[in-house]
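[1] Following is a predicted model, sequence given first.
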Amino acid sequence: MPTDTATIGATGSRSIFSRIASFYSISPTADEREFPSDEARTKFYKKLRLQAFFAATIGYSLYYVCRTSLNVMKKPIIDSGALDATQLGIISSALLFAYAIGKFVNGFIADYCNIKRFMATGLIISALANAFMGMMGIASSAIPGAVMCTCFAIMWCFNGWAQSMGAPPAIISLSRWFPLKERGTYYGFFSASHNLGEFFSFLFVGSIVAVAGWQSGFFGSAIAGAIGIALVIFFLHDHPGAHGLPSIEALSGEKKGKDDKMSTKDIQKMVLRTPAVWVLAAASAFMYISRYAINGWGMLFLQEQKGFTDVEALSIISINALLGIAGTVLSGWFSDKLFKGDRQIPALIFGVLNATALALFLFGGNAMWINILSMILFGIAIGVLICFLGGLMAVDIVPRRATGAALGVVGIASYVAAGIQDVASGWLINDNITVVDGVNHYNFTPVAIFWLGASIISFLLPLLNLRHKVDHSE
């Protein structure tokens, strides 16, 4: 009898697992539709791919609202006494490191999945995590600070993992629906979803916090997540074949790749053995060090090193985020049109621009116009590099069915580096403070060399891939 019970239990577990696997598996190819003309088929295809692009881009920007909501509420939370800055730092880092690991794991998983269901599931979890933190916030006066911090850190860790279920399916949708010759253009537009999400977060969640308090801000981000879930469910489509259309290769006239007969698992293993992917992952990691250095420590640098007021420092740093939208939106388009899909030359150009802008910011003096100019150049350069080094160049050199795997490799390297940067920068800054008459005097030179060195390495590394040509006629 015990053996029978164990067997039944094991069978039941396998049954549940198989049902879950079946639910998330790639949609089967439907019978090919008949259309009155080729023009009608093309019109239907373009309608579906536009819907998929819209759902992926806006859906991921609403993912970002659920990720960055805590940033909007940090000061009100500290002012309320619910948590202090150290505790909020722990909570924030829980998301970052969970996201880094999840980006790698979920990137590989997403290659096998129905991207609509996979992306919607992550956003459901993320929205619920925000709603739970809102409920915890309402009861904060009755909860000890240590318990509050632990619960928030656990929820934000779950949120970080759920957030890593957003980018892989969104970008896989571009790979499944767009031909190689257009993919860079749409990837660039999609990359602006990060900036859109931050804008929505500050505008929508920030307004709610200002009117109704920080607890309501979490509910506001959960509502934004619910809107994103609906968009993904109704408008994100898995692949052309699921709607009775030919493959993207057939629709665009591309040649089948030589790896077409390989399994997805074997293709993913091939990605892991591709040195060019790891080179790009390392380059992205060093680029993320310079990116998060400015986002995380730029205001402190301007305030303490250059004597700018809080408002002046915020205004200067915000320029880089605004110009980042222009950089990301235009990056894929001009690399497709002007460089015929070659990302290596523009990546080098904007990598040098990134390092130049950072050097101008760090060592260019205290004049307002110099610091504004440096952030204009930095924002444009980082916007382009987030698109290129942060994913597109890796996606270009792997087969379509391994898009998620390539993003996973680049993602984990990038966000682990971002987390390490925060720790290293904090230590370098703190270790070089001199106290004179009770006043802190900062020496930013060591940390500035660290940031600038990372930006230089980030544009030198891709030069190792110059011989690796991308064939856009696959």
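    Great, that's in hand.
[2] do you know how far the closest residue to Gly145 other than its chain neighbours is from Thr42?
    The shortest distance from Gly145 to any non-neighbouring residue, by C-beta to C-beta, 6 or more residues apart in numbering, is to Leu83 (6.4 Å). For glycine as for every other residue, the C-beta is placed from the backbone atoms N, C-alpha and C. To Thr42, Leu83 is 55 Å away according to C-beta to C-beta, to the nearest Å.
[3] what does Ile294 give?
    For Ile294 relative to Thr42 (C-beta to C-beta), the value is 44 Å.
[4] quick one: which of those two has more around it?
    Ile294 (23 against 13; other C-beta atoms under 10 Å).
[5] so what pLDDT did that one get?
    Listed pLDDT for Ile294 reads 86.
[6] quick one, what contacts it?
    Under the criterion of C-beta atoms under 8 Å, 6 or more residues apart in numbering, the neighbours of Ile294 are Ile317, Asn320, Leu358, Phe361, Phe378, Trp451.
[7] where does the fourth one land in three-state SS?
    Going back to what we said before, that points to Phe361. At Phe361 the chain is in helix, as set by DSSP: H, G, I helix; E, B strand; the rest coil.
[8] Just to check, it is in contact with Phe378?
    Yes. If you go by C-beta atoms under 8 Å, Phe361 and Phe378 touch, sitting 6.5 Å apart.
[9] more neighbours, these two?
    Phe378 (29 against 26).
[10] what stretches of the stretch 251-400 of the chain score poorly on pLDDT?
    255-261 (pLDDT under 70).
[11] For it, which segments count as helices?
    Ranges of helices in the stretch 251-400 of the chain, per DSSP state H, counting those that start in this stretch, are 264-272, 275-304, 310-337, 344-363, 368-387, 393-396.
[12] Out of those helices, the one nearest Ser207 is which?
    With C-beta to C-beta as the criterion, Ser207 lies closest to helix 310-337 of the helices of the stretch 251-400 of the chain, at 17.2 Å.
[13] Who are the packing partners of the closest one?
    helix 180-191, helix 193-200, helix 275-304, helix 344-363, helix 368-387 (3 or more C-beta pairs under 8 Å, 6 or more residues apart in numbering; DSSP states H and E).
[14] Tell me how many other residues crowd the spatially closest residue to Ala127 that is not a sequence neighbour.
    Setting aside the residues directly before and after it, Ala127 is nearest to Gly225 in space (C-beta to C-beta, 6+ apart), at 3.0 Å. If you count neighbours by other C-beta under 10 Å, Gly225 ends up with 28.
[15] Test my guess that Gly225 contacts Arg67.
    No. Using C-beta under 8 Å, Gly225 is not in contact with Arg67; the gap is 9.9 Å.
[16] returning to what we had before: for the helices and strands packed on helix 310-337, which one sits closest to Leu95?
    When the helices and strands packed on helix 310-337 are compared by C-beta to C-beta, helix 275-304 sits nearest Leu95, at 13.4 Å.
[17] How is this protein divided into domains?
    As given by automatic domain parsing, the domain ranges for the chain are 36-251, 262-469.
[18] In CSV, list the ones you listed along with distance to Ser15.
    CSV is the format used below for the domains of the chain (distance: least, C-beta to C-beta, whole Å):
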stretch, distance to Ser15
domain 36-251, 19
domain 262-469, 23
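[19] picking that back up, what do Gly225 and Arg67 both touch?
    Common neighbours of Gly225 and Arg67 (C-beta under 8 Å, 6+ apart) are Ser126.
[20] still on that earlier bit, gap between the residue nearest to Ala127 and Ser193?
    Taking C-beta to C-beta, one finds Gly225 at 14 Å from Ser193.
[21] for Ser61, same thing?
    As judged by C-beta to C-beta, Ser61 and Ser193 stand 4 Å apart.
[22] Equivalent analysis for Asn320, please.
    Counting by C-beta to C-beta - Asn320 and Ser193 are separated by 17 Å.
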